[in-house]
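Asks: Below are the sequence and a predicted model; questions follow.
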Amino acid sequence: MLMKNDKFQRVQTERILEWRESLATLPDNHFFELMRMYLGEIKTPYNKQKLTEELAAFLRRTENRQILVKLLDDTDMQIITAVAMIPDASQERLTAFFSGTYSFASLYERLLNLEERLILFRCRVDGLQKVVIRMNPLLDDVLQPFVDSTRLLPPAVYAERFGSVPCFLSPQLIVSFLAFIAATPDVCKADGEFKKRSAAVLHELFPGKTGNLQLLVTAFINLGLVRENDSGLCVDYQRCAAFAGMDEAAQYAYLCAASCGRFSREGLRSQAQFLLDCAASIPAQGYTRPVLQRLGMLVYTRSSEESCMPPVSPSGRFSQIVERYRTQEPDRENMTAVSGSIVERLIDSAVKFGVFSVSGRTGKGESILTTASRLCGVEVPADSTNVLSIDAGFTVTLMPGLPLSELLPLVRFMTIIHYDSVAEFEIGRKSVVKAFDAGMTPDTIVAQLAAHTQYGVPQNLKISIEEWFRAYNSAALYNGFVLKVDPSNALLSAQNPLLAPHIKVRLAPGIYLLDVTSMEEAAELTGSCGIDFIGRVKTVDRNMPATTFPPLSGGRNSLAQYGESSMQRKTVFESGNSESKAAFFSGMIGRLRDMHLDEELEQGLVSRIRRRIVLNASQLRPDSIRIERNEAGGMDFIGKVRLIERTIAASGMIEMEFGAAGAAGTAPLCILGTPLEIEKQAGDALVRLRLEPERNEKTFSIGQASLVKRIRGSIFEEKPEKNKVGI
């Protein structure tokens, strides 16, 4: 416990030093503007360190902290919570996170206001070429109790509830679709889409599911459950068995992730884990789609590592399948790209596959999503072993109950004929022969059926399987490496202890089928056996195109466990209601009126009161006001130009309005951006703006602007000091 306390104290000390350093490195004009707002006019000689100590003492006073908390509103607490929960929160990340809730201009203004109120500050992170936003460590004890994830992720309020909808994915569906692919290899066109004939057959076998099956085949290919061969697609049952060995939630998470693109092994794992973390974070009441999107962004950005998103392999007949779902590695600073390329696509796949289910609708018509019950584990019925029913025509009805690992061996010798609430298969000669090819025997097939049916295996089915097996063994077609030895050396070769274990079949005297699978392996085997006189492996010469390897990337887990939903701390001060806040503002403005100041000075102090910078009457000092014009409009062309010139010098932003309010029934056009330069022309001047938040540059007429307004810049924004301004 003492070690934990020591570590907490060290971290807290480092954070306080970071806040002090952010003040010390401010340009003089920003530093003294901040000090005047809270401490009054600064007299010379001055010491920055001492002034910083005085400001810290101001924040430690109980009455000031109480008023500061009292003046917090819901928007303040949402932004404070986001800053606390998003690692290395920046203005760009916060803008993307609150997209659809707050406009760029309103969020920007609120961030500046929270900085002026000393609740937030900006600093440059060591090793990162960006400025991040932090919560003032001196206010931790009074602000942390208000950090609650429900402010950012409010549970949904139902206006209408829907009945339970079955999850699209299930062990029965997965094995049924795998059985279809095994029986119909030529199912896809070169671009990965289902062939017209295959799509029609799928519509008959899996009514209403063709669209999602197209997404599922992409996942199968990207997971390696299905691979390409000369005939089209084939099922890799060995890899399917490894996949089936995972729990059901992990299977579905991997399928959702793989349907979005082809990743490295670790990258795929991290995407699947990301989806599971999101699913585990959804409360029983559910979230609306925008809130779920925000949850995904929170889970994603709480990772300290980047997700691995390698490019898709360009080779292979079915590479176009994954190309359509390809996602590039996002810039973690660009939260909009993250939302579009990872979070949104995973959520879309999860909804289509039923991992997230639509359980209702809000009063605004928004869908409410909850985690499907199957993702939380499935209760196997007590009679799950009796899920098969076999009729006289060798039609097998498969009911739910078995996990994927037990279903895979069953479908090796059956063909899907219909899928609905139950799956119907057929046992025929063609499907059973494929099982024989895989090494199954009549005994193993009958044993598999008998283990899962209550009424036993029909006798005529047993007889048919045995007849098919006898016919199967009456002829054989081999493909592999054949060793031909002169009869005089046949005995020696068969008795060679190094060669004998690799002889799979004796085809004829001196002719052996080996179990090797490559030319290199065959050459190595014959060399180790002392048969080094045969030269190279004989084969039919043909020019084979060189195969390319997919790019490799060492993925890293991009997720940290999400668990900061609410800070369990005692509230030091309570936030005020609208009546108490209005009373505070009225009281302060009343005191200001009693001072009988000039109109401009009074309006400057009223603005500070409204911006909640003034926490006590001692801050109502007229000598702390620096009167500065921040708006120019109408015919005041010179005023607009000078205002923009001052903004350029201060690296600030402006808002330009074009057209009068209500003219032609339309609102004025408002442009927000950073002015870069002014180009003067005859009778007018043009300003080049870097627009926010798009960051593209455009030129506008200053003369045609009906209003030019300077937007207050961040006090804590770090800029090069061109001209230091004294006190």
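Replies: Perfect, I can see it now. Numbers count the residues shown, from 1 in each chain.
Asks: how far is the host helix or strand of Val299 from where the chain is centred?
Replies: When secondary structure is defined using DSSP states H and E, the element that contains Val299 is helix 289-301. Taking the mean of its C-alpha atoms, helix 289-301 sits 8 Å from the chain's own mean (Cα atoms, centre = their mean, to the nearest Å).
Asks: Also stretch 395-411?
Replies: 34 Å.
Asks: Quick one: mean pLDDT over that stretch.
Replies: Confidence over stretch 395-411 (mean pLDDT, whole number) is 90.
Asks: ok, back up a step: how about the helix holding Val299: buried residues?
Replies: Neighbour-count burial for helix 289-301 flags 289, 291-301 (criterion: 16 or more other Cβ atoms under 10 Å). Just so you know, the C-beta spots here come from the backbone N, C-alpha and C atoms, and that holds for glycine as well.
Asks: pLDDT below threshold where in the stretch 551-700 of the chain?
Replies: Applying pLDDT under 70 to the predicted model, the residue ranges of the stretch 551-700 of the chain that meet it are 551-573, 660-666.
Asks: can you give me the helices in it?
Replies: Using DSSP state H, counting those that start in this stretch, the helices found in the stretch 551-700 of the chain span residues 578-594, 599-610, 637-649.
Asks: in the longest one, what counts as buried?
Replies: In terms of neighbour count (16+ other Cβ under 10 Å), helix 578-594 has its buried residues at 581, 584-585, 588-589, 592.
Asks: so which of those comes closest to Asn616?
Replies: When the buried residues of helix 578-594 are ranked by distance to Asn616 (Cβ to Cβ), Met588 comes first, at 8.8 Å.
Asks: nearest residue to the closest one other than its sequence neighbours?
Replies: Distances taken as Cβ to Cβ, 6 or more residues apart in numbering place Ile609 nearest to Met588, at 4.9 Å, with adjacent residues excluded.
Asks: With Tyr158 instead?
Replies: Gly360 (4.6 Å).
Asks: tell me, how many neighbours does the one you found end up with?
Replies: The burial metric for Gly360, expressed as a neighbour count using other Cβ atoms under 10 Å, is 20.
Asks: Same check on Gln238?
Replies: When neighbours are counted by other Cβ under 10 Å, Gln238 registers 9.
Asks: My read is that Leu407 contacts Pro171, right?
Replies: Yes: using Cβ atoms under 8 Å, Leu407 and Pro171 qualify as a contacting pair, with a distance of 5.4 Å.
Asks: List the contacts of the residue nearest to Tyr158.
Replies: Residues in contact with Gly360 (Cβ atoms under 8 Å, 6 or more residues apart in numbering) are 156, 158-162, 286, 367-368.
Asks: ok, the helix or strand containing it: who's next to it in the sheet?
Replies: Under the assignment given by DSSP H and E, the secondary-structure element containing Gly360 is strand 356-361. With DSSP bridges as the criterion, the sheet partners recorded for strand 356-361 are strand 160-161 (antiparallel), strand 367-371 (antiparallel).
Asks: can you give me the angle the last one makes with helix 289-301?
Replies: Comparing the axes of strand 367-371 and helix 289-301 via axes from the mean of the first three to the mean of the last three Cα atoms, to 10 degrees yields an angle of 40 degrees.
Asks: How far does strand 367-371 sit from its chain's centre?
Replies: 17 Å.
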